[in-house]
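Trainee: Sequence first, predicted model second:
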Amino acid sequence: MSEAAKTNATGSDLAPAGVAKTEGEFQPYIPAERSDVAEFTPKAIIIGVFFGIIFGAATVYLALKAGLTVSASIPIAVLAISLLKKLGGSTILENNVVQTIGSAGESIAAGVVFTLPGFLFLSTDSKGSSFFEYWTIFTLALLGGVLGTLMMVPLRRSLIVKEHGNLPYPEGTACASVLIAGEKGGDLAKIAFQGVGFAFAYAMLQKIVKLIAETPALVTKQTNRYFPSATLNADITPEYLGVGYIVGPKIAGVLVAGGVLAWLGIIPLLASVVPADTIAAQLVKLGDLKNLAMAGGPGGWNPETHTFANTAMAVYRAYVRQVGAGAVAAGGFITLLKTLPTIVSAFNESMTSFKGGGATVARKRTEQDVPMSVVLFGSVGLILTMAALPFLPGSVMGRLLLGVLIVVFGFFFVTVASRIVGIIGSSSNPISGMTIATLMATCLIFIGIGWTGDVYQPMALCVGGMVCIAAANAGATSQDLKTGYLVGATPRAQQIGLMIGAVAAAVVIGLTMKLLDTPTAELRAQGVEHMIGTEAFPAPQGTMMATLIKGVLSGNLDWNFVLVGVFLAVTMELCGIKALSFAVGVYLPLSTTAPIFVGGAIKGLADYMAKRKNEHVEESELGPGNLFATGLVAGGALAGVVVAGMLSVHEGLNKVISKLSVEHALVQAVGEGGFHLIGVLAFAFMGLVLYRISRRPMRA
């Protein structure tokens with residue numbers, strides 16, 4: 001806890017955030033009696049929506065590429081303090097409204113991206129890809145986000161207030177400290193803005209001017225008798241470097257370990273023993289290649305020579321992705337099993353405290369929630385809305401059942417998610433495990449009533465997707481409500497703000513997903529219909545969800561490869577390694593996990609040097625390195641969205657942009673190896689900048 005967080009504006013001592021001043025009733029930073037402090041103002045709402053759109057779009061981009069997200073509440077709080085100061089000043093409650101609305105974008109985006117791309121990977125006969133449309137994505141994101149907020153209304157008093165001494169909600173408490181220490185916000189925000197600017201400029205040089213190579217690579221030839229088709233490459237982008245720094249060396253190391261096993265172990269082995277024709281036949285079976293007589297597909301199949309231009313990529317798409325999907329599913333399920341005792345006790349304790357305090361009449365400003373009638377009518381309205389919308393999968397009665405399942409599963413897992421993040425934080429929220437459990441339960445219900453055809457696969461994904469979105473948003477909502485409880489916010493204002501944030505997030509998430517899924521004219525000419533699912537945007541969680549649904553409902557799955565992944569995850573867990581992180585590393589290309597590992601290594605080196613020199617190791621949220629890394633993530637991801645939009649808007653603009661590229665001239669001047677070396681040096685420079693900023697002395 002920073003010292004500034006313990007002192008109020010007049011210099012008097014405050015108890016640390018989350019601790020009552022006396023043994024009596026807890027006293028927030030702004031007392032409940034104060035009704036003259038501006039809170040739910042138009043400028044706070046507008047800026048909150050603005051940050052929600054930015055971080056929502058950035059989360060979509062990052063989650064599709066790397067299968068990872070980063071928390072947005074604290075960066076938004078820091079940026080809000082700085083921006084509102086420039087707009088005439090703000091109160092701590094206005095800043096809290098901004099971060100509350102803004103954080104909804106990140107959490108809902110994570111739930112959407114982890115599930116709804118699965119529509120594209122369901123069985124062809126299910127027509128799942130036809131549901132991957134803007135209005136379907138918008139509706140499911142909006143309803144799931146609102147559901148997560150509504151379900152937290154009756155739980156706020158039991159989990160946030162009555163369990164105040166038992167559930168610390170670490171991110172919410174830290175965010176309250178940031179808001180209370182608002183006088184520090186300007187300097188901290190400056191570092192974050194520098195990261196955004198640096199990353200955006202770097203990304204423009206990389207994606208538009210093409211002065212910096214995007215993916216330097218070393219690949220051994222398939223004809224190499226010792227180590228064929230071994231791949232070492234990296235997407236040297238600012239967002240991956242920033243993510244690696246934020247997650248730290250341990251998680252980054254486990255992620256890259258999975259990639260090393262896949263790309264320097266499994267793929268060279270399979271490339272040595274599996275004939276090219278067999279690999280191509282497997283790609284045809286998976287639908288990645290139309291037939292053996294047609295050129296193209298992953299790896300560049302040549303039917304005349306019976307070879308691939310890139311055997312490593314062909315093996316990855318044919319076999320390793322299924323191994324990785326099995327490992328991710330098993331890792332999520334293992335996480336669920338490990339937290340099962342916590343889940344059961346969490347639900348029981350929440351229901352007990354809820355029954356004991358649910359009838360309390362709120363009188364103080366800090367006890368005013370959205371009325372329970374809104375929660376009840378909202379839940380019923382959600383069910384009826386699901387049944388009425390014709391662009392969602394299933395018949396009217398089928399969609400009615402989906403709505404009931406979503407509300408039932410949603411309430412259970414919202415309760416569980418809120419209590420779990422209250423103990424261990426949002427980053428450890430076992431969303432994947434809860435979504436897997438929801439999908440399995442839904443599929444078993446479908447089987448029980450005879451719904452086993454491919455047509456029911458999109459319906460099952462709707463249930464899993466909305467529950468995942470609701471649980472993800474509930475975890476973030478709980479942290480926001482904890483922050484509000486500590487600073488003295490009005491709960492009703494926060495709850496309304498979260499619903500506004502859900503609407504804004506749903507709008508931008510759907511647009512961003514469809515934008516990033518649109519292939520360029522060149523790729524469309526090659527037969528690529530969707531960018532999601534390609535090497536550019538692998539969407540690992542969405543693929544895993546679709547794999548699970550197909551496996552349970554239709555059985556049309558290569559279980560031999562999936563089970564290899566399952567036992568790979570079990571092996572890692574037995575070795576004391578978190579299987580889910582390792583499994584995601586197996587599934588993702590090494591080009592994704594390698595630069596993340598570099599960012600983690602820089603964080604580890606900075607911490608090591610600080611300890612060696614007896615310096616203070618930077619705080620996880622407020623250190624200059626973490627804020628600059630957050631800026632790298634936001635700036636790099638936003639640049640990716642902007643460039644994708646520019647390339648897909650108009651073919652003429654695409655041609656203009658292509659003329660700005662200097663890649664061809666550089667390759668002619670220094671060779672392809674020299675061009676890649678320039679990229680590596682640029683990435684090393686960015687890493688050096690991040691390291692130097694992380695070593696800046698902490699200010700009191």
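Mentor: Looks like it came in fine.

Trainee: Every contact and neighbour count from this point should use C-alpha atoms.
Mentor: Noted.

Trainee: Now do stretch 295-307: everything it contacts.
Mentor: Taking contacts as Cα atoms under 8 Å, 6 or more residues apart in numbering, the residues outside stretch 295-307 that touch it are 276-277, 280, 288-289, 292-294, 308-314, 317, 526.

Trainee: let's see 7 Å
Mentor: Residues outside stretch 295-307 that contact it (Cα atoms under 7 Å, 6 or more residues apart in numbering) are 276-277, 288-289, 292-294, 308-311, 313-314, 317.

Trainee: Just the ones in helices from the residues you listed, please.
Mentor: Mapping the contacts of stretch 295-307 onto helices (DSSP state H) picks out 276-277, 311, 313-314.

Trainee: quick one: which of the contacts of stretch 295-307 is nearest Thr173?
Mentor: Thr173 lies nearest to Arg317 out of those, by Cα to Cα, at 43.4 Å.

Trainee: picking that back up, okay, who's weakest in the contacts of stretch 295-307 by pLDDT?
Mentor: Within these, Asp288 has the lowest pLDDT, namely 74.

Trainee: Skipping adjacent residues, who's closest to that residue in space?
Mentor: Gly297 (6.0 Å; Cα to Cα, 6 or more residues apart in numbering).

Trainee: and that neighbour, how many neighbours?
Mentor: Using other Cα atoms under 10 Å, Gly297 is surrounded by 23 other residues.

Trainee: and it, how far is that from Pro228?
Mentor: To Pro228, Gly297 is 20 Å away according to Cα to Cα, to the nearest Å.

Trainee: would you list every one of the strands in the stretch 301-450 of the chain?
Mentor: Remark: strands assigned in the stretch 301-450 of the chain by DSSP state E, counting those that start in this stretch are 301-302, 307-308.

Trainee: for the spatially closest residue to Ala330 that is not a sequence neighbour, what are its contacts?
Mentor: Spatially, and ignoring its direct neighbours in sequence, Ala330 is nearest to Val566 (5.2 Å; Cα to Cα, 6+ apart). Listed by Cα under 7 Å, 6+ apart, the contact set of Val566 reads 326-327, 330.

Trainee: per-residue confidence for Val566?
Mentor: What the model reports for Val566 is a pLDDT of 90.

Trainee: Secondary structure element holding it?
Mentor: Following DSSP states H and E, one finds Val566 within helix 559-574.

Trainee: list the buried ones in that helix?
Mentor: Neighbour counts over helix 559-574 (16 or more other Cα atoms under 10 Å) mark 561-570, 572-573 as buried.

Trainee: Likewise for stretch 597-610?
Mentor: Those would be 597-607, 610, for stretch 597-610 by 16+ other Cα under 10 Å.

Trainee: Mark which of those are part of helices, please.
Mentor: 597-607, 610.

Trainee: Kindly reformat these as CSV containing pLDDT and distance to Ile266.
Mentor: Converted to CSV, those look like this (pLDDT from 0 to 100; distance: Cα to Cα, whole Å):
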residue, pLDDT, distance to Ile266
Phe597, 94, 20
Val598, 95, 23
Gly599, 93, 25
Gly600, 92, 25
Ala601, 95, 25
Ile602, 95, 28
Lys603, 92, 29
Gly604, 92, 29
Leu605, 93, 30
Ala606, 91, 33
Asp607, 88, 34
Ala610, 85, 38
